[in-house]
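**Q** Predicted model and sequence follow; I will ask about them next.
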Amino acid sequence: MRIENVVCPFCGCLCDDIVVEVEGNRVTAVKKVCSSGRSLFVNAHTGAASPTVDGKEVEWPEAIDAAARILTDSASPLIYGLSSTASEAQRKAIALADLLGASIDSTSSVCHGPTTIGIQSQGEPTCTLGEVKHRADLVIFWGCNPAEAHQRHFARYSVSARGKLTPQGRKDRTVVVVDVRPTRSSRSADIFLQPRPGCDYEVLTALRALLKGETPDITDVGGVGVAQLADLVERMKGCRFGVIFFGMGVTQTGGKYLNITELLALVAELNDHTRFTAMPMRGHGNVAGADCTLTWQTGYPFAINFARGYPQYNPGEFTAVDMLARQEADAALIIASDPVAHFPRQAAQRLSQIPTIVLDPEMNLTAREAKVVLPTAIYGVSAAGTAYRMDNVPLPLKKVVDSPQPTDEQVLDWMIERVKT
Amino acid sequence: MIGIINGEVYDPQNGINGEVRDIWIEDGKIVSTSPPLIPPKVGGEIPVPAGLSNPAASPPGPALSLALNTAEGKVEGLGGTEGGQIIDAAGLVVMPGGVDIHSHIVGAKVNAGRKFRPEDHRDHVRARGVLISPLEGGLRGVTRSGSGYTVPSTFMTGYGYAEMGYTTVMEAATAPLVARHTHEELEDTPMLDTGVFITMGNNHFIMKCIRDGQREKARDYVAWLLGASKGYAIKIVNPGGVENWKWGRNVGELDDEVIGFGVTPRQIVATLAWINDELGLPHVPHIHGINLGQTGNARTTVETIEALEGRRAHFCHLQFLSYAGEPGKSLRSGAAEIARAVNEHPNVTVDVGQVIFGEATTMTSDGPLQYRLHKLTGNKWLNDDVEGETGGGVVPMQYKRSNPINAIQWLIGLELFLLIDDPWRVFLTTDHPNAGPFFYYPQVIKLLMDRDYRAEMLAGIHRRARKGALLPGLDREYSLYEIAIVTRAGTARALGLRNKGHLGVGADADVTIYRKLDDKEAMFARPYLVLKDGQVVACDGQIVREVQGRTLYVAPPYDPGIEADLRAHFEECYTISYDNYPVAPEYLTRSEVIPCA
């Protein structure tokens, strides 16, 4: 069976032109997909897996009982992850957090959380990816490496994509990469600026100053020549439609959210001269959806706590790393993410000390240390659902093979019912 | 069967103006409305229990929380009967549930506003709640927590509207590309029946059809688009201007050119008005005209009304489009001129977008407007250009009595209400949250019904705004009957919702029961009871039952031959495929297709 226009759930590009061939409930071929996406489809397991409690296989009702007991016995439960599950499941996870008076946080807090804080102080001039494809003649990648992390971004949206005002694709665009080291992306750029590590804020501030007509009496800012920056400012002012895509190289270094505030201020000010936009390069397939669902249900996109009966927001206090490192979380429910593999040591250690529940299709590092493991179907492969692209365009994830496993949404629903009674 | 008996009923659609009526409800519908003490013919006889207590005489206040008396297992004034329930509404005012014709409650733009305004939410929270069930005993469920003042979270929005006696709310603008997001949020917005207006005034496919003289093809596209996005009506926002904003420009006149298409705002409005009539859509084109917020826009607003050449349309938040004076000079009220044009054009309905002094969040699909507001206020700015369809932006705003411009905006809204003669054609909105939050509707009602209160407020605004203003000379006071028109009967009629906004046989049993108070703001802020589909859902301004409303949408037929064109258009114009664009029916758990004529 050949299934067309499948949405790949792997990264924030959510390419929706994938062709998947299935025979006997096995994916036999995947076309148009990048290497990351391919492995997701090809390696999708369709066999049954039992939930486990303390490493022992149990039936689902028993596992749900054990999970619900952990959560209701906890004084300060933490729900974390969300970025690789569908929005339908995210909405249930938030409902559960509300019911429990828990903290809830998404992987945003360790990637584009600072972007959110920057947007909250400065605003965000942005657009959908189609506007970039059709209009952008100046494309800047700052602190990100899509050639390796978002492999089809160039071709589908930003660099070689042929649009209405960019009929010749790459030839119609000037591509700039700003990064602390050369990458595959920088090698394909027209202009590569290489600031010293931790100097993005200075460089961004210098660009704003130059845009305002200031003439700094120095020749070099953060390792980049002022003449080069002045040239970039002229290109920015003179383009038809410009965009800065930015990644963790600028959100998680130096001044973190201050970098983003500066970047967004620069982009807003460029609109006095031409049209200019900015967009975070979101990593996980539905991390943008986690921001969306958390925001519409609670008012806030991450770092939320319900202990007072209503949502409170405080990055640094209710963010998962901080809740764990300070030993404030006394139980954890991890959904579609692997914090033991990615968190700082103190936070990861805490996860192995407290009762942890894992909802994940894969037996990841966190699952190996968890008390309750609930293996679920894979959204976009063996379960249908909704995901939000990096520009917040929502797309329908298809089910291309059958799985005997329940979905995250179903399991969370069972848990909510169990906690209520 | 439920009976609401002895109430003072305001049902303008059926000409009932404060007469005492008994209303009988079965299976979520009104089955009979009759003078008192005539038992209904359907569903057998209902005995009226003796000695029913009635809250009409008791003043609102903390004591009213006792109305939910769990120990006795009943709500005071709600008498249980065998197989039914009698609500004694003697001395109380009974109206259909409120119907809001224009409010920004869900979707990408609203959510972006929530996300970037944590300062809006911090002091405005709603805790999760436990719903006891006095009639059935035990726990009925829980309500969800939330936060937000001008941009409340979804559950909080649903509860807030229901607690104010509103049961139907129309989401004012969604780009079809992100309609799936809007419908996901509606699933998390309880208590309300809803519909979604789909922005089309800067749509590439439509503009291409107009350029090529293919309006029939545009008609089929609009029909397809409404069905695909599960939308309710055609929304037009700054026609052509939002597309030009993608070039850093705007339109200023109806005959300005849309860059790259060679069409004009006039052609876009006229074509969509023609399409609306051709398809027989229940609502009319819902228009946010050009030059919104700009001094002197009254002229282009009148020209837009005239450009319809008699076709029907609705003009939303007209206050923002009723500004006289020379462009670039100081703002003056154009309410008289605009009201005259509305009075002379029976094909037109409007809602006001009344300014409320205090915090607001401006959010529209009008990209260049939002940029202008950012430059004007210095406040943070969100912009989102949407490929091939529209754009939009969000900017926080504060309206101050002491600011002469804000004070004139406030005056203009009230002048429109008082100068437009026919209440069936002017409706109450605050363009939530653009001119103020929806939960200030009771204050607007008081301003309309109470001339002394109006004078008191007027005395507190900037002197320069009062000078030469019409408002101090306008003595008109709205009656309860007229309030019922501008908040439910008129809006339901304008929306083409035959089962809403009235209490006649066959209507949805959405009913709001108010105490009759002199202070109309207090009266309308906290209704005694709210019924949704025949169930009591709120009591004394507090949710007592959570229900899920229906999403109302249209699905007009179209020539399937258009599909080949659409596939080509998607290849050329979009970054998602044609097949992944439509919102599948599974996104709407409860829905109702409203028929086209």
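**A** Structure's in. What do you need?
**Q** use CA for all of it now, contacts and neighbours both
**A** Noted.
**Q** check contacts around the residue in the stretch 151-300 of chain B positioned nearest to chain A.
**A** For the stretch 151-300 of chain B, the residue closest to chain A is B:Ser153, as judged by Cα to the nearest Cα, at 5.1 Å. By Cα atoms under 8 Å, 6 or more residues apart in numbering or on different chains, the contact set of B:Ser153 is A:295-299, B:114, B:146-147.
**Q** next one: A:Glu148
**A** Taking Cα under 8 Å, 6+ apart, one finds A:184-185 in contact with A:Glu148.
**Q** give me the element it is part of.
**A** Here A:Glu148, judged by DSSP states H and E, is contained in helix A:146-149.
**Q** Run the chain-centre distance for that helix.
**A** A distance of 14 Å separates the centroid of the chain from that of helix A:146-149, by Cα atoms, centre = their mean, to the nearest Å.
**Q** in that helix, what counts as buried?
**A** Using 16 or more other Cα atoms under 10 Å in any protein chain shown as the test for burial, helix A:146-149 gives A:146-147, A:149.
**Q** Helix or strand next in line after that helix, which one?
**A** Counting by DSSP H and E, the next helix or strand C-terminal to helix A:146-149 is helix A:153.
**Q** residues in contact with that following helix?
**A** With Cα under 8 Å, 6+ apart, helix A:153 has contacts from A:13, A:146-147, A:159.
**Q** I figured A:Arg196 hits A:Val203, correct?
**A** No: A:Arg196 lies out of contact with A:Val203 (Cα atoms under 8 Å); the separation is 9.7 Å.
**Q** quick one: common contacting residues for these two?
**A** A:Gly222.
**Q** Mind checking which of those two has more residues around it?
**A** Ranked by neighbour count (other Cα atoms under 10 Å in any protein chain shown), A:Arg196 and A:Val203 place A:Val203 first, with 24 against 15.
**Q** residues near B:Pro565, how many?
**A** No Pro there; residue B:565 is Asp. Look at B:Asp565: counted by other Cα under 10 Å, it has 12 neighbours.
**Q** Pull out the buried positions in the helix or strand encompassing it.
**A** In this assignment (DSSP H and E), B:Asp565 forms part of helix B:563-573. For helix B:563-573, the neighbour count (16+ other Cα under 10 Å) marks B:569-570, B:573 as buried.
**Q** Check the offset of it from the chain's centre.
**A** When C-alpha coordinates are averaged (Cα atoms, centre = their mean), helix B:563-573 and its chain have centres 34 Å apart.
**Q** can I assume A:Arg208 sits in a helix?
**A** Yes: assessed with DSSP: H, G, I helix; E, B strand; the rest coil, A:Arg208 lies in a helix.
**Q** quick one: the residue nearest to it when sequence neighbours are not counted from A:Val178, how far?
**A** Using Cα to Cα, 6 or more residues apart in numbering or on different chains and skipping the chain neighbours, the partner closest in space to A:Arg208 is A:Leu266 (5.6 Å). Separation of A:Leu266 from A:Val178 (Cα to Cα, to the nearest Å) stands at 15 Å.
**Q** Show me which of those two is the more surrounded one.
**A** Taking neighbours as other Cα under 10 Å, A:Leu266 and A:Val178 compare with A:Val178 leading, 24 against 21.
**Q** For the nearest residue in space to A:Thr166 that is not next to it in sequence, give me the pLDDT.
**A** Excluding the flanking residues, the one nearest A:Thr166 by Cα to Cα, 6+ apart is A:Asp172, at 5.4 Å. Listed pLDDT for A:Asp172 reads 98.
**Q** Pull the number of nearby residues for A:Asp172.
**A** Look at A:Asp172: counted by other Cα under 10 Å, it has 19 neighbours.
**Q** What about B:Lys400, how many residues nearby?
**A** Neighbour count for B:Lys400, taken as other Cα under 10 Å: 18.
**Q** didn't it look like it was pressed against B:Ile408?
**A** No: look at B:Lys400 against B:Ile408 with Cα under 8 Å: they stay out of range, at 10.5 Å.
**Q** beta partners of B:Thr362?
**A** Residues in a beta bridge with B:Thr362, per DSSP bridges, are B:Val395.
**Q** got a list of what it touches?
**A** For B:Thr362, counting by Cα under 8 Å, 6+ apart, the contacting residues are B:370, B:394-397, B:433-435.
**Q** Between these, identify the one with the most neighbours.
**A** Neighbour tally across the contacts of B:Thr362 (other Cα under 10 Å): the maximum, 33 neighbours, falls on B:Val394.
**Q** restrict the buried residues of helix B:563-573 to those near chain A?
**A** Among these, the ones lying near chain A by Cα under 8 Å from any Cα of the partner chain are B:Cys573.
**Q** For chain A, state which of the buried residues of helix B:563-573 is nearest.
**A** The shortest approach to chain A among these belongs to B:Cys573, at 7.6 Å (Cα to the nearest Cα).
**Q** What is the neighbour count of B:Glu187?
**A** Using other Cα under 10 Å, B:Glu187 has 18 neighbouring residues.
**Q** Backbone torsions only: list them for it.
**A** Note on B:Glu187: its backbone torsions stand at phi -60, psi -30 [degrees, to the nearest 10].
**Q** How about the contacts made by it?
**A** By Cα under 8 Å, 6+ apart, the neighbours of B:Glu187 are B:548, B:587-589.
**Q** at 10 Å instead, please
**A** Counting by Cα atoms under 10 Å, 6 or more residues apart in numbering or on different chains, B:Glu187 makes contact with B:154-155, B:548-551, B:587-590.
**Q** so which of those residues is the most crowded?
**A** Ranking those using other Cα under 10 Å puts B:Thr154 first, with 30 neighbours.
**Q** re earlier: among the contacts of B:Glu187, name the ones in strands.
**A** Among the contacts of B:Glu187, DSSP state E puts B:Thr551 in strands.
**Q** Next, format the contacts of B:Glu187 as TSV and append distance to B:Ala90 and pLDDT.
**A** As requested, these are exported to TSV (distance: Cα to Cα, whole Å; pLDDT from 0 to 100):
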residue	distance to B:Ala90	pLDDT
B:Thr154	35	98
B:Phe155	33	98
B:Gln548	30	96
B:Gly549	29	97
B:Arg550	31	98
B:Thr551	34	98
B:Tyr587	42	97
B:Leu588	39	97
B:Thr589	37	94
B:Arg590	34	97
